[in-house]
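1. pasting the sequence and the predicted coordinates here, then a few questions.
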Amino acid sequence: MPATLIDGKAVAAAYRDRVQTDVAAFTQRTGVTPHLAAVVVGENPASAVYVRNKQRACEKAGIGSSLHTLPATASQSDLLTCVHGLNDDPTVHGILVQLPLPEQIDERAVLDAVAPLKDVDCFHPENVGLLSQARPRFAPCTPAGVMELLSAAGVETSGKRAVVLGRSEIVGKPMAMLLLARGADATVTVCHSRTADLAAVCREADVLVAAIGRAKFLTADMVKPGTAVIDVGINRLPEEEGGGLAGDVDFDAVREVAGSLTPVPGGVGPMTVAVLLRNTLTAAELQTAGEPG
Ligand SMILES: Nc1nc(=O)c2c([nH]1)NC[C@@H]1CN(c3ccc(C(=O)N[C@@H](CCC(=O)O)C(=O)O)cc3)C=[N+]21
Ligand SMILES: [Mg+2]
């Protein structure tokens, strides 16, 4: 029996509705409209898709948004000046610096410059530290979106073997943290391109999250029958392969083995945007004086 597909668009729509309700109550109570500022350096087609989806989603949820574009040739100090300006602007609650950045820019230095209370991506070391100590301020958007998908699909994680394929700061590491946390209670293995006998490690998984950034990397022989497979990859295929979007999972083959599976597009991507909206509201709450709730 082929895998049940997990409908990320539907789960994200329901999640965004809840955010919208909470934004309306917050704005009613405080008179403040949460605002997300996105900073984009240069032109990258994948970034353009994401930024467009994000702005549309903000608008629907009652969140203000602004786009701050710098040329591809911008210097690090140009970008830091932009970030500092947004840090100091009381009408801006969340700041997202779109990655990747051009090579003349030190990505880490820029992410470190974002005010921790405005760090809706949860990339600042203070927020990563809080997350790793199980007292998160913001949810890491993509990993938290994955947890929502698992929960919506009724996938049990407690006591299960979870394997995270990929060790990035953006997805792999925070993903492992969320699966390990009390409440989720998985036994977590993080593996990567240098892992010995990678296929055998992946085959141990009851829950398998593919976030390695290589199109169709996870093949059917790496998946135990019945496993829940979450595909975080967003890879643009070359023109000769149709130029479409492919995940990190060899979808057609893995679908025959997995118990449940997220598609790309329509899986994790929409959830990433939905959690970003929730974080923007959280940021506005943290920066707005007065009684919480
Ligand atoms: N600071 C920062 N934070 C990020 O969260 C971040 C980033 N930089 N840089 C780029 C990646 C990529 N990313 C996506 C999120 C959603 C979709 C998305 O909504 N995808 C839809 C549509 C895809 C399509 O139609 O092309 C889907 O999967 O169904 C795509 C890509 C966030 N990223
Ligand atoms: Mg997707």
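-> Okay, I see it. Ligands and ions are numbered 1, 2, ... in the order given.
2. which stretches of the protein have low pLDDT?
-> For the chain, residues meeting the criterion pLDDT under 70 lie at 290-293.
3. so which residues of it form strands?
-> Using DSSP state E, the strands of the chain run over 4-5, 35-41, 64-70, 94-97, 161-165, 187-191, 207-210, 228-231, 235-236, 245-246, 260-261.
4. to residue 127, which of those strands lies closest?
-> strand 94-97 (12.2 Å; C-beta to C-beta). Where you see a C-beta, it was placed from the backbone N, CA and C, and this is true even at glycine.
5. state the number of residues packed around the closest residue to ligand 2 within the stretch 101-250 of the chain.
-> As assessed by C-beta to the ion, ligand 2 sits closest to residue 234 within the stretch 101-250 of the chain, at 6.6 Å. When neighbours are defined as other C-beta atoms under 10 Å, residue 234 has 21 of them.
6. for the one 5 residues further on, same thing?
-> Taking other C-beta under 10 Å as the neighbour definition, residue 239 ends up with a count of 7.
7. which residues touch it?
-> Listed by C-beta atoms under 8 Å, 6 or more residues apart in numbering, residue 239 has no contact partners.
8. check the gap between it and residue 265 for me.
-> 18 Å (C-beta to C-beta, to the nearest Å).
9. before we move on, what about residue 52?
-> On the measure of C-beta to C-beta, residue 52 and residue 265 end up 13 Å apart.
10. now swap in residue 57 and tell me
-> Residue 57 is 14 Å from residue 265, by C-beta to C-beta.
11. looking at these two, which one has more neighbours?
-> Neighbours per residue, other C-beta under 10 Å: of residue 57 and residue 265, the larger number sits with residue 57, 22 against 16.
12. and that one, how far from residue 10?
-> On the measure of C-beta to C-beta, residue 57 and residue 10 end up 15 Å apart.
13. can you check residue 202 too?
-> 27 Å.
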